[in-house]
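J.: let's see this in three dimensions:
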Amino acid sequence: MLQALSDALWRPWLLCLFLFTGLWCSLSSGFFQLFGLRSWLRESLGALRSGKTGKGEGGLPPFQALCTALASTMGTGSIAGVATAITLGGAGAVLWMWVGALLGMMTGYVEKYMALRCRRPGPTGWEGGPMEYLTHLGWHGVSRWFALWCALSSLTGGALVQTNSMVSCLPGLSSSDRWWAGVLIALTVALVMAGGLKGLGRLSQALVPAMAALYLTTGVAVICHNAAALPAALGAIFRGALSPQAMAGGAAGTALRYGVARGVFTNEAGMGTSAMVHAAAGGTTPHREGCRGIFECGFATLVVCSVTALAILTAAPSSAAAGAGLVGLAFSSFLGPWGGPVVGLCLALFAFTSLLGWEYYGQRSLAHLTGRAHPKAFRLCYLCAILAGAVGDVEGVWALNDLCTGLMALPNLLAILYLSREALPVRLDRPQRSVIQ
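T.: Residues are numbered from 1 along each chain as shown. Below you'll find the model as predicted:
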């Protein structure tokens with residue numbers, strides 16, 4: 001029943017709404033993500049390197065906010081999710097993943113821009129995100145609807161699914177071993193979250209660049225090792241999505257479904273979750289944080305997911321393996337027996353950072369629902385979900401998580417379409433003050 005409800009929501013209505021919202025924002029900005037490449041790179045990465053941003057007055061330092069947002073987006077979807085999309089949707093799914101990410105870059109811009117514009121001071125610093133800009137529109141009931149499904153999604157797609165992915169990459173564990181692995185993960189998460197958002201920001205700043213460098217360096221080495229197969233892999237991507245045979249046989253539609261859905265799950269553009277972390281950044285402006293939203297979406301999908309996809313397609317492992325196992329076989333074409341362990345380590349790191357990010361999203365959503373913070377109560381529920389994810393079979397949870405994220409994204413996408421007139425077209429000389437301020 002959950003799978004049927006999820007499919008009815010996502011295919012084709014919500015997938016089309018994601019693409020339409022991205023296209024609308026791209027057209028409204030004059031495709032700023034393409035023609036303003038130098039500008040948004042200068043405002044996002046360039047500002048961090050040159051020290052043009054503040055040190056995080058009243059919130060997280062901007063670099064920590066960006067790393068924390070990337071910590072949640074670079075989850076298991078960047079590795080296992082891409083492999084699953086190729087297995088189910090064929091090589092053509094990669095092209096639609098790229099298209100969805102390219103359009104989603106401007107969706108991400110509007111989200112982060114409005115998160116800064118509508119944020120408000122809270123007990124521990126700045127607070128913002130979809131709940132605040134939905135309230136700014138006067139959609140009070142809709143903002144609570146978003147918070148409800150976001151809180152549920154943090155328990156399903158955050159705690160249950162990510163923990164299960166971490167434990168599953170350790171083969172040969174008995175039931176008692178999985179239990180103790182869950183206890184260890186839960187204790188580590190509890191220690192990090194005891195430091196609040198600033199503790200999460202410091203850990204993300206140390207961990208995210210290192211794990212991204214490890215995975216990308218290894219993945220690019222695999223692609224270079226199999227460079228002779230790269231033209232054939234690119235040809236398979238375009239044929240699988242655009243050839244008349246694929247369209248006539250329905251393969252193009254399947255590729256679109258899994259490619260767009262996987263891109264959305266990875267970069268979260270349109271879901272609104274990472275906007276909560278960007279809203280906590282201090283010493284920044286709405287436009288600058290919007291440019292970091294463009295970079296975040298592009299890096300998570302066009303870079304990380306593309307490395308995964310091209311490593312699989314160039315290595316072309318002939319096996320019935322799926323998910324992370326397929327990526328491990330592809331990496332083994334270059335690393336030999338070390339391929340599987342390296343992918344397992346990267347998957348564990350990606351899943352762990354996502355666990356931390358989703359705990360913050362759920363906590364913020366519950367606070368908006370109830371009108372007061374319940375960090376200890378929610379953290380206890382979250383830690384119990386981590387234990388359940390370590391020892392249980394969460395296959396059915398995927399359908400519930402797809403339903404939760406869909407019901408969460410629907411009002412956010414409608415708000416982005418409405419608010420795009422405030423954020424777009426991109427003008428660098430506009431006032432950068434917060435609405436609440």
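J.: quick check: which element contains Gly172?
T.: Using DSSP states H and E, Gly172 sits within no helix or strand.
J.: enumerate every residue touching it.
T.: By Cβ atoms under 8 Å, 6 or more residues apart in numbering, Gly172 lies in contact with nothing. No exception for glycine: its C-beta is placed from N, CA and C like everyone else's.
J.: cool, Ser306 as well?
T.: Contacts for Ser306 (Cβ under 8 Å, 6+ apart) come out as Val94, Trp98.
J.: measure it to Ile312 for me?
T.: Ser306 sits 11 Å away from Ile312, going by Cβ to Cβ, to the nearest Å.
J.: got it, and Ala228?
T.: With distances taken as Cβ to Cβ, Ala228 is found 16 Å from Ile312.
J.: Ala324 reaches Gly81, doesn't it?
T.: No - under the criterion of Cβ atoms under 8 Å, Ala324 is not in contact with Gly81, lying 9.5 Å apart.
J.: so what touches stretch 72-82?
T.: For stretch 72-82, the surrounding residues in contact (Cβ under 8 Å, 6+ apart) are 94, 97, 161-162, 165, 208, 211-212, 215, 262, 265-268, 273-274, 277, 296, 300, 304-305, 308-309, 312, 323-324, 327, 343, 346-347, 350-351, 353-354, 356-358, 361.
J.: my bad, should have said stretch 135-146
T.: Counting by Cβ under 8 Å, 6+ apart, 114, 118, 130-132, 134, 272, 365, 368-369, 407-408, 411-412, 415, 418-419, 435 sit against stretch 135-146.
J.: and those, which of them are buried?
T.: The neighbour-count criterion (16 or more other Cβ atoms under 10 Å) marks 114, 118, 130-132, 134, 272, 365, 368-369, 407-408, 411-412, 415, 419 among those as buried.
J.: so which of those belong to helices?
T.: Counting by DSSP state H, the buried ones among the contacts of stretch 135-146 place 114, 130-132, 134, 365, 368-369, 407-408, 411-412, 415, 419 in helices.
J.: now for those residues, which pair is the farthest apart?
T.: For these, the farthest-apart pair by Cβ to Cβ is Leu369 and Leu419; their separation is 22.0 Å.
J.: where does the stretch 101-250 of the chain dip in pLDDT?
T.: Low-confidence segments of the stretch 101-250 of the chain (pLDDT under 70): 171, 244-250.
J.: now do 90
T.: By pLDDT under 90, the weakly predicted segments of the stretch 101-250 of the chain are 101, 119-129, 136, 156-182, 189-209, 212, 236-250.
J.: all the helices of it, in order from the start?
T.: Along the stretch 101-250 of the chain, the stretches classed as helices by DSSP state H, counting those that start in this stretch are 130-136, 140-153, 161-168, 175-193, 196-225, 230-242, 244-249.
J.: Ala228 and Ile312: which is more packed in?
T.: Ile312 (25 against 8; other Cβ atoms under 10 Å).
J.: any idea how far that one is from Asn226?
T.: 10 Å.
J.: how about the helices of the stretch 101-250 of the chain in TSV, adding distance to Thr87?
T.: Listed next are these as TSV, based on distance: least, Cβ to Cβ, whole Å:
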stretch	distance to Thr87
helix 130-136	32
helix 140-153	24
helix 161-168	16
helix 175-193	25
helix 196-225	18
helix 230-242	12
helix 244-249	16
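J.: out of those, nearest to Ala8?
T.: Nearest of these to Ala8, taken as Cβ to Cβ: helix 140-153 at 16.0 Å.
J.: and the closest residue in space to Leu2 that isn't next to it in sequence, how far is that from Ser6?
T.: Closest residue to Leu2 apart from its sequence neighbours, by Cβ to Cβ, 6 or more residues apart in numbering: Ala399 at 4.0 Å. Using Cβ to Cβ, one obtains 5 Å as the distance from Ala399 to Ser6.
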